Structures are given as C-alpha cells and as structure tokens.
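1. okay, here's the prediction I keep looking at, along with the sequence it came from:
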Amino acid sequence: MRLSQVLFSTRREAPADAETRGTQLLVRAGFVRKVGSGLYANLPMMQRVLNKLEGLIRSEVDGLSQEVSLPVLQPEALWRESGRWEALALAEGIMFTVADRAGRAHALAPTHEEVAVDVVRGLVHSYRDLPVSVYQFGRKFRDELRPRFGLLRTREFVMKDAYSFHADEADLHAHFEAMSAAYARILTRLNLQWRAVEADSGSIGGSASREFMVLADVGEDEILFTPDGEYAANVERAVSLAEAAPASPFQLFQRHHTPGTATVASACAALGCKAAHMVKNVLYDAVTSDGVLTPVLVSLRGDHAVNGVKLWNAVQDRLAGPLVSLEVAQAEQWATGELTLGFIGPDVPDSVIVERSGLHPHFLRLCDVEAARMQDFATGANETDYHVTGANWGVDFRLPEVMDVRQAQAGERAVHDAAQRLHSARGIEMGHVFKLGTRYSAAMNATFTDANNLDRPFQMGCYGLGVTRLAQAVAEQLADERGLNWPASIVPFDVMLTVVDTQHPAQRRVAEQLYAELRQAGLEVLLDDRPERAGAKFADAELTGIPYRVTIGRGAEQDDVEVTHRRSGERVTLPSTSVRAFLQK
C-alpha cells in the first residue's frame with residue numbers, strides 16, 4: 001500500500017482531552033479520531049490492527065465455538081423475559097433504547113445473552129444436541145455516564161462475545177476453563193502483562209466469574225493479589241484476613257457524654273480508644289425499580305470501609321425488586337427528628353422512619369463479619385453527643401444479619417495462607433467469563449429434554465473479550481517514548497519503505513523494486529512515497545509502530561538501503577537484494 005493513497009495524518013501534539021498515553025499516541029499516529037463523547041472512528045491503520053486482532057482471537061476460539069452474527073437491535077420482550085429491562089434500561093440507565101414506527105421498544109445491544117438464549121431454545125431440544133457454543137464479533141452500545149480513557153470506556157465498541165449451553169454443571173465448568181485458557185493464550189501472544197482475577201458478576205449475574213486484567217497504571221480497577229500466585233481478585237470481590245483489633249480498653253457497659261464527636265476520629269479522641277475499638281453505623285438509601293425506598297443500616301468496624309459492590313449485592317438479594325440506586329442516606333428526607341446522625345447505634349429504632357407511601361417502615365440491618373467478632377466495643381448511643389462503651393452483641397445489642405461487606409486492603413493477610421500479604425496493582429479489564437448457570441435459561445423457559453425424558457433448563461456460560469479495548473491496552477503497555485510499538489501478531493504492516501527523496505530516480509527505482517519484491521514474498525508493505533521532509537517521515541514511521549523501516553536514501557545509487565528495527569533501534573546497511581532474506585530470517 002502506498003502511504004500517499006491512505007487516509008493518514010499524524011499530529012505533533014496530543015489533543016488536550018486525551019487522558020492516557022495510549023490514547024494520545026493512537027490519535028497522534030492517525031489510527032483513531034474522536035467524533036463525540038465516547039465515540040471514535042477507526043481509521044485505516046487501526047482497522048488493520050483490529051482485523052488482525054480478530055484473526056488472532058479466531059485462531060484460539062474456533063476450536064471451542066462456532067462463529068455467528070446476532071442482531072444489534074433487540075426486542076424489549078426478550079429483555080423483559082430475563083428481567084433485565086428494568087435493571088439496565090431504568091436502574092443503571094446504561095442501555096440505549098429506541099422505538100420503531102409502531103412504538104415498539106428495542107435495545108441497542110449492550111450484550112447478547114437474551115438473544116443467544118432465544119436462538120438456541122428454538123433450535124436445541126435434546127441433551128443429544130449439547131453442548132453448543134457460539135461466538136461473534138460485533139458492536140456493543142452502552143450509555144456510559146463518563147466516557148473516558150479513549151477506547152477503554154466508550155459508548156460504542158467492538159467485542160468478541162460467546163455463549164455456551166450445557167446439560168450439566170461439569171460440562172459448563174470444562175468449557176469455562178477451556179475458554180479461560182484461550183483468553184490466556186491470546187493475551188500472552190500479544191506480549192501483555194496480565195492477571196486472571198476473581199470478579200463480581202454484576203448485572204450479568206451467575207454463580208462465578210473471572211476477569212482478565214491487563215496491568216496498567218491507568219487501569220480503572222484495583223487488583224489484590226498474593227506473591228505466591230495462588231490468589232488474585234478484583235477489589236470489588238476480594239477477601240482478606242483483617243488485622244485483629246487490639247484489646248479493648250473498655251470493661252463495663254457505660255454511657256458517655258461526648259459533645260461534638262460525630263466522626264469516628266473525634267469520638268475515639270474523646271473516649272481514649274482506637275478506631276478498631278468502635279462499631280460505626282452507616283445509613284444508606286436503597287431504591288428499587290418500583291420507587292420504594294428502604295433505609296439500610298450497616299454496622300462495621302471503625303477502621304474499615306464499606307465495599308460498595310458487596311453491599312449492593314447483599315441489599316439486592318434481600319429486596320423484592322431490581323435495585324435502582326444505593327447511596328449514602330439523605331436521612332432528612334425520611335427520618336423523624338429523633339434520628340441522631342453521627343451518634344446512631346446498631347439498635348436505632350424503626351420508629352425514626354416516618355410513615356408514608358413508598359417508604360419501607362423497617363431498616364434493613366446488616367453487620368460486617370469483622371464487626372460481628374468485636375467485644376467490649378464503643379458505638380453510638382442514639383442520642384446526640386452520647387456514645388456507649390463496653391458493648392457486646394447478644395447482650396447490649398441484637399446482632400444483625402452478618403456478612404462480608406468490607407473492603408479488603410493491600411497489606412492484609414490472605415485467606416488461603418496467612419503468611420501471604422495482599423499486594424495491589426491497577427488493571428484494565430480485557431475479558432470477563434461467567435458461569436451463568438440457569439440464570440437466563442430458567443427465566444426465559446429455555447429447556448432441553450435430558451436422558452430421563454425430563455425437561456431441564458440449560459446450564460449456560462458467557463465469555464466477553466474487548467477487541468477495541470485490547471488494541472488500546474497494547475498501546476498503553478508496549479508503547480515507548482517514540483510512539484506505538486505493536487507486537488508482530490497485530491502490526492498494521494510488516495515493514496515501511498521510507499523514500500528520503502521521492503524526486504530522486506535511483507531512490508524511486510529501488511523503492512519500487514523492493515515494494516514489488518517484498519509484497520510478492522508475502523510481506524505487508526507500506527511505501528511512504530509522500531513528498532514530505534525525511535525527518536517527518538522518520539518520525540511518522542516510529543510513531544506508527546511498524547516493526548521495520550527500510551530507508552532508501554543516498555545509498556540507493558549503489559543499491560544500498562538501511563534497515564531499522566523499531567523496538568531495539570538497531571540499524572544495518574544492506575544491499576537492497578538482501579532485504580527480503582533479512583526480514584524473513
């Protein structure tokens with residue numbers, strides 16, 4: 001391909017709104033162009049990278065799954081069958097919806113579980129036809145609240161998504177592990193540093209999931225892991241052994257006047273204790289899709305923080321409808337004057353909740369595991385400017401429902417081996433695989449007849465891998481100070497021929513000879529035949545990350561050229577007739 005005929009333009013400076021190095025380089029190198037918030041055009045160079053990425057992914061997945069193409073426009077009825085229309089269109093608000101001329105609502109696909117179930121339930125009816133696994137490459141649409149970081153969080157993106165259907169959990173598990181192994185090979189072939197981590201299943205649901213994280217300082221996710229390689233998890237799901245609280249200084253149950261101490265720090269200063277000696281009680285407003293607000297009271301150790309994802313899951317499991325929001329309480333909107341914010345105890349009475357329509361009359365009370373272990377603790381006395389000390393569960397306070405809702409921290413001990421300490425890293429989620437079980441098949445009445453002639457719902461899995469995300473992850477992790485640095489498996493071109501002076505007859509002759517010879521040898525060649533300065537051409541060659549540059553300059557009269565390796569910077573002068581052998585060795 002001749003660069004003079006390519007839609008290609010580089011920039012010396014990065015745009016002000018390009019937040020990461022990878023975004024800056026992709027824009028500067030002429031690979032992408034931003035057309036709106038969270039919307040990017042993939043230009044010819046980028047499209048070549050994406051095409052090769054898809055080819056690499058196909059080479060690993062084709063042995064496990066069959067490629068299909070599912071519709072982007074999806075009927076509302078399918079999403080209502082699964083129960084996710086309210087959650088994604090109304091609660092999270094992340095799903096784009098449109099109406100046809102008859103007023104029928106449709107979703108622009110954020111994912112394809114419902115459509116995959118609908119297709120398979122109409123075609124597969126017997127255990128003899130199982131397992132079935134299908135995959136596709138397609139565009140997904142998500143109305144992100146804050147699109148950012150270039151291609152890492154956009155409103156439209158390309159994904160490889162797969163869906164599998166099985167007769168039993170054992171077969172699902174085997175496919176889950178096989179697809180995970182394929183993802184591991186893909187990331188390794190791209191020369192990326194990555195980790196597979198335990199993850200929260202979010203709105204997709206299911207019994208278990210695993211994320212594939214590419215390590216990067218710009219990663220939105222925090223990963224906690226152990227040096228022995230036995231444990232890694234997204235912080236949203238991570239568990240740990242908290243440091244034991246020091247012995248309590250309080251022996252007797254007593255009430256203390258503690259004026260102006262509405263925070264843990266000020267209360268500890270007044271009482272002469274540490275935060276680990278206190279139980280703090282935090283209020284949340286939980287709102288379901290029917291508009292009902294349920295006050296949630298969470299008790300946890302004073303030196304611990306609530307994990308928002310764990311709390312969301314716990315609350316959702318205990319409420320009747322889909323959870324729309326879970327925020328720190330605006331208690332003045334639903335409480336009587338008897339609610340003493342900053343001095344609340346675990347036993348704050350339900351009577352502080354006003355009686356009105358759309359407001360649940362009782363607190364949903366939860367207690368973190370570590371708080372439940374505490375003895376002789378300090379906490380609020382349900383009266384402004386007062387705390388109690390020396391309190392115990394089952395004696396002074398009824399113990400609420402106990403579960404893990406605290407945030408694990410780097411430096412804490414690992415559950416599998418207390419000698420291992422958790423370390424922290426930032427990661428970009430590239431892939432996510434799920435054991436869905438019967439989450440969708442049962443809801444959508446997708447069944448098969450088993451060997452005993454009984455109808456059973458399919459055991460399902462789903463497996464996502466971000467294609468456009470992967471391209472930027474490579475840019476983030478492998479680029480250097482000179483520009484992009486693509487691995488050989490996804491380079492837009494194998495070699496760039498840079499003609500120093502396009503008006504020089506010998507240089508033009510050697511360039512055309514090499515262009516024809518290398519293409520005939522099966523190499524993908526980009527001939528820079530633009531009438532630009534040599535320095536600008538050299539800079540563009542390095543910026544684009546093409547692995548080899550062949551410079552055709554003054555030596556062309558003697559049929560000599562210079563070959564430069566992009567990654568190492570090594571240069572060698574060769575006869576033009578030796579270039580093909582050099583590149584193919």
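-> Structure's in. What do you need?
2. from here on, just use CA atoms for contacts and neighbour counts.
-> OK.
3. next up, the contacts around Asp118.
-> Listed by CA atoms under 8 Å, 6 or more residues apart in numbering, the contact partners of Asp118 are 78, 446.
4. in the helix or strand containing it, which residues are buried?
-> Assigned by DSSP states H and E, Asp118 belongs to helix 113-121. The neighbour-count check on helix 113-121 (16 or more other CA atoms under 10 Å) flags 113-117, 120-121 as buried.
5. now do the helices in the stretch 101-250 of the chain.
-> 113-121, 169-189 (DSSP state H, counting those that start in this stretch).
6. show the average pLDDT along the first one.
-> Averaged across helix 113-121, pLDDT comes to 98.
7. swap in the longest one?
-> Here helix 169-189 scores 97 as its mean pLDDT.
8. tell me what it is packed against?
-> helix 44-61, strand 156-166, strand 423-437, strand 459-466 (3 or more CA pairs under 8 Å, 6 or more residues apart in numbering; DSSP states H and E).
9. export the ones you listed as TSV, with columns for mean neighbour count, distance to Arg413 and mean pLDDT.
-> Listed next are these as TSV, based on neighbours: other CA atoms under 10 Å; distance: least, CA to CA, whole Å; pLDDT from 0 to 100:
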stretch	mean neighbour count	distance to Arg413	mean pLDDT
helix 44-61	18	37	98
strand 156-166	23	36	98
strand 423-437	22	10	95
strand 459-466	25	31	97
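10. out of the ones you listed, nearest to Gly219?
-> strand 423-437 (4.3 Å; CA to CA).
11. which elements pack onto the closest one?
-> Using 3+ CA pairs under 8 Å, 6+ apart: strand 423-437 touches helix 169-189, strand 208-215, strand 221-225, strand 459-466, helix 467-478.
12. change it to 6 Å
-> Where contact means 3 or more CA pairs under 6 Å, 6 or more residues apart in numbering; DSSP states H and E, strand 423-437 is packed against strand 208-215, strand 221-225, strand 459-466.
13. out of the ones you listed, flag the one nearest Ala408.
-> Smallest distance to Ala408 across the helices and strands packed on strand 423-437 (CA to CA): 8.3 Å, for strand 221-225.
14. what is the rounded mean pLDDT of the closest one?
-> What strand 221-225 shows for mean pLDDT is 95.
15. between strand 208-215 and it, find me the angle.
-> Computed by axes from the mean of the first three to the mean of the last three CA atoms, to 10 degrees, the angle separating strand 221-225 from strand 208-215 equals 100 degrees.
16. quick one: contacts of strand 221-225?
-> Here strand 221-225 makes contact (CA atoms under 6 Å, 6 or more residues apart in numbering) with 231-235, 422-427.
17. can you put those residues in CSV and add distance to Leu293?
-> Listed next are these as CSV, based on distance: CA to CA, whole Å:
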residue, distance to Leu293
Tyr231, 38
Ala232, 36
Ala233, 32
Asn234, 29
Val235, 28
Leu422, 37
His423, 38
Ser424, 36
Ala425, 37
Arg426, 35
Gly427, 35
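18. about what we covered before: turn the helices and strands packed on strand 423-437 into CSV, including distance to Asn485.
-> As requested, those are exported to CSV (distance: least, CA to CA, whole Å):
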stretch, distance to Asn485
strand 208-215, 16
strand 221-225, 24
strand 459-466, 20
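19. which residues touch Lys52?
-> Counting by CA under 6 Å, 6+ apart, Lys52 touches Ile490.
20. I'd like the next helix or strand past the worst-scoring helix or strand of the chain on mean pLDDT.
-> None of the helices or strands of the chain scores lower by mean pLDDT, DSSP states H and E than strand 323-328, at a mean of 91. With elements assigned by DSSP H and E, the helix or strand that comes after strand 323-328 is strand 364-368.
21. neighbouring strands - and their directions - for that next one?
-> Strands adjacent to strand 364-368 in the sheet, as given by DSSP bridges, are strand 293-301 (parallel), strand 401-403 (parallel).
22. how about the residue sitting nearest the centre point of the chain, nearest residue that isn't a chain neighbour?
-> The centroid of the chain falls nearest to Glu429 when counting by CA atoms, centre = their mean (3.5 Å). Computed as CA to CA, 6 or more residues apart in numbering, the closest residue to Glu429 that is not its neighbour in sequence is Met213, at 4.6 Å.
23. what's the burial count for the one you found?
-> Close neighbours of Met213, defined as other CA atoms under 10 Å, add up to 27.
24. residue contacts, it?
-> For Met213, the contact set (CA under 6 Å, 6+ apart) comprises 194-195, 427-430.
25. closest one to Met278 out of these, please.
-> The closest of the contacts of Met213 to Met278 turns out to be Gly427 (CA to CA; 33.6 Å).
26. ok, that closest one - contacts?
-> Contacts for Gly427 (CA under 6 Å, 6+ apart) come out as 213-216, 219, 221.
27. quick check: bridge partners of it?
-> With DSSP bridges as the rule, Gly427 is bridged to Leu215, Asp221.
28. what's the distance between the residue nearest to the centre of the chain and His423?
-> Glu429 sits 18 Å away from His423, taking CA to CA, to the nearest Å as the criterion.
29. hmm, back to that, of the helices of the stretch 101-250 of the chain, which is nearest Gln47?
-> Among the helices of the stretch 101-250 of the chain, helix 169-189 comes nearest to Gln47, with 18.6 Å by CA to CA.
30. pull out the buried residues from the closest one.
-> 169, 172-173, 175-176, 179-180, 182-184, 186-187.
31. pipe the residues you listed into JSON lines and attach distance to Thr340 per row.
-> Below are the buried residues of helix 169-189 laid out as JSON lines (distance: CA to CA, whole Å):
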{"residue": "Glu169", "distance to Thr340": "50"}
{"residue": "Leu172", "distance to Thr340": "51"}
{"residue": "His173", "distance to Thr340": "50"}
{"residue": "His175", "distance to Thr340": "54"}
{"residue": "Phe176", "distance to Thr340": "50"}
{"residue": "Met179", "distance to Thr340": "53"}
{"residue": "Ser180", "distance to Thr340": "51"}
{"residue": "Ala182", "distance to Thr340": "55"}
{"residue": "Tyr183", "distance to Thr340": "52"}
{"residue": "Ala184", "distance to Thr340": "53"}
{"residue": "Ile186", "distance to Thr340": "56"}
{"residue": "Leu187", "distance to Thr340": "53"}
